[in-house]
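Engineer: A structural model of the following input is requested.
(2 chains)
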Amino acid sequence: MERVVITGLGAITPLGNSVEEFWEGIKTGTNGIAPLTKFDGEAINVHVAGEVKGFEAKSFMDRKLAKRMDPFSQYGVAAALEAMKDSGINLEEMNPERLGVMVGSGIGGLNAMQDQIIKMHEKGLDRVAPFFVPMAIGNMVAGNISIATGAKGPNLSIVTACASGNNSIGEAFRTIKHGYADAMLAGGSEASINEIGMSGFAALNALSTSEDPDAASTPFDKNRHGFVMGEGAGILVLESLTSALNRNAKIYGEITGYGATGDSFHMTAPSPDGSGAARAMKLAMEESGISSEEVNYINAHGTSTPANDVSETEAIKLALGEDAAKQVGISSTKSMTGHLLGGAGAIEAIVTVKALQEGILPPTINIKTPDEACDLDYIKDTAREMELTYGLNNSLGFGGHNAVTCFKKWEEQA
Amino acid sequence: MTTFEKIQEIIVDQLDKEESEVQRSTNFREELEADSLDLFQIINDIEDEFDIKIESEEGLTTVDDLVKYVETQLEA
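Structural biologist: Alright, predicted model coming up:
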């Protein structure tokens, strides 16, 4: 069995279009949520979003390639290219067949779907664009990353709604641990801030209706009333420790465990006792060979919906036990980015890895009125410095998909 | 804009080429490295632009072929 480490990071987010800008925003408690600009959301009472800003696909890739992709693929490819470059992997030295891709999306190419379905209605069945299918299908972000980077190993996409990114990282971890690849580009991508995407979530009463960007994504606050849609992508280069040491790679951290469970309860609501998420956390700790007291940080799913934040709080207590749950630092960085759906678990894995590496507990911003039902330590307002060893990253998706990854700070070996 | 200019614009945009590279005599499959997806998309864009239907791309190899095809359809 191989140990698996993180050797490269890439991100396109509402806080910036590189890992450096993203992490700087997170640790300083900067709000990346702003008024919605992509369309007028008045009719569905949606006013703010975590939009990616200033992203020009052609500054990351060939213009002709970019034109062939829905934004969800563009974000994923841009983040993957940053992560590859950061890792220093050179495919003249690494066998490309041992480098794989595991990148998911909650929805896929929703912009292409919306555009072409409208065109079909307006102009007829025979006018649908030939690029419709290759732009829309949810696996194409992984396909495009393979084309853009040269990765010829296992190439898959996982679709588990808001857990897609974290399930992808966990499954990629196992792919390397069990020897099927030496390195994997793993993560998630999403671009669903458009009319059909937002209207769909608004119809579920799942979105915040706030007009104030600083009172919209308010995880664990008593007055939380829905999530804020975000967009973007996060990609991690996971690599076997053997491969990383052989090429003297820079190591950000280690991934030591993964838990994946199903709620078997409801399509959109989490099980109120948090048992599904709790089992996933326990599995990730078990695989890491640690007790709950050893967990220093949890990057919560923390969507800012009334149901999630209280059931996730219950889940953390159930998984760690009341005492350890009260000791652990928990934050929802969705307070700053909004909810990137399939991209969420991936950018939050980056947050967890950087938090452990730098010994910084990132904050949850926008908690104004504490909720007695959410009674743990959510690192309110400002980051905290602390020596950290283990961190959990929680992602819980519609469908009752629960994915938890466990990371460990990397200590240089003597 | 002439029919040629409109078609030239569609091809330039799809294939990320310079206008000077897209002339009436240009073979867009070979000289412009258009793959099958590009070709289908160019035809789809031309259909939208001129509100016509191109039944088959057979025999369409140069820009001039496209211009003549479109002009014949528009006259019909």
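Engineer: okay, now whatever residue of chain A ends up closest to chain B: neighbour count?
Structural biologist: Checking chain A residue by residue against chain B with C-beta to the nearest C-beta singles out A:Pro130 as nearest, at 3.5 Å. For the C-beta atoms, the positions are set from N, CA and C on the backbone; glycine is no exception. A:Pro130 has 16 neighbouring residues, counting by other C-beta atoms under 10 Å in any protein chain shown.
Engineer: host element of it?
Structural biologist: Under DSSP states H and E, no helix or strand contains A:Pro130.
Engineer: which residues touch it?
Structural biologist: If you count contacts by C-beta atoms under 8 Å, 6 or more residues apart in numbering or on different chains, A:Pro130 has them with B:37, B:40-41, B:44.
Engineer: same check on A:Gln114?
Structural biologist: Taking C-beta under 8 Å, 6+ apart, we find A:Gln114 in contact with A:194-197.
Engineer: who wins for most neighbours among those residues?
Structural biologist: If you rank these by neighbour count (other C-beta under 10 Å), A:Gly197 sits at the top with 22 neighbours.
Engineer: helices and strands around the longest helix anywhere in chain B, which ones?
Structural biologist: Here the longest helix in chain B is taken by residue count, with DSSP state H as the criterion, and it is helix B:36-50. Helix B:36-50 sits against helix B:3-15, helix B:63-75, with contacts defined as 3 or more C-beta pairs under 8 Å, 6 or more residues apart in numbering or on different chains; DSSP states H and E.
Engineer: and if we set it to 10 Å?
Structural biologist: Packing partners of helix B:36-50 (3 or more C-beta pairs under 10 Å, 6 or more residues apart in numbering or on different chains; DSSP states H and E): helix A:63-67, helix A:110-123, helix A:132-136, helix B:3-15, helix B:63-75.
Engineer: nearest to A:Gly321, of those helices?
Structural biologist: Distance to A:Gly321, taken as C-beta to C-beta, is lowest for helix A:110-123 among the helices and strands packed on helix B:36-50, at 40.8 Å.
Engineer: next, the angle from the closest one to helix B:36-50.
Structural biologist: Between helix A:110-123 and helix B:36-50, the angle comes out at 40 degrees (axes from the mean of the first three to the mean of the last three C-alpha atoms, to 10 degrees).
Engineer: need the CA coordinates for helix A:110-123. PDB is fine.
Structural biologist: Once non-C-alpha atoms are left out, helix A:110-123 reads as follows in PDB (Å, rounded to 0.1, in the frame of the first residue of the first chain):
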ATOM      1  CA  LEU A 110     -25.300  23.700 -17.700                       C
ATOM      2  CA  ASN A 111     -24.500  26.800 -19.800                       C
ATOM      3  CA  ALA A 112     -24.300  24.700 -23.000                       C
ATOM      4  CA  MET A 113     -27.500  22.900 -22.000                       C
ATOM      5  CA  GLN A 114     -29.400  26.100 -21.400                       C
ATOM      6  CA  ASP A 115     -28.200  27.800 -24.600                       C
ATOM      7  CA  GLN A 116     -28.900  24.800 -26.900                       C
ATOM      8  CA  ILE A 117     -32.300  23.900 -25.400                       C
ATOM      9  CA  ILE A 118     -33.400  27.500 -26.000                       C
ATOM     10  CA  LYS A 119     -32.000  27.300 -29.500                       C
ATOM     11  CA  MET A 120     -33.800  24.000 -30.100                       C
ATOM     12  CA  HIS A 121     -37.100  25.700 -29.100                       C
ATOM     13  CA  GLU A 122     -36.500  28.800 -31.100                       C
ATOM     14  CA  LYS A 123     -35.000  27.400 -34.300                       C
END
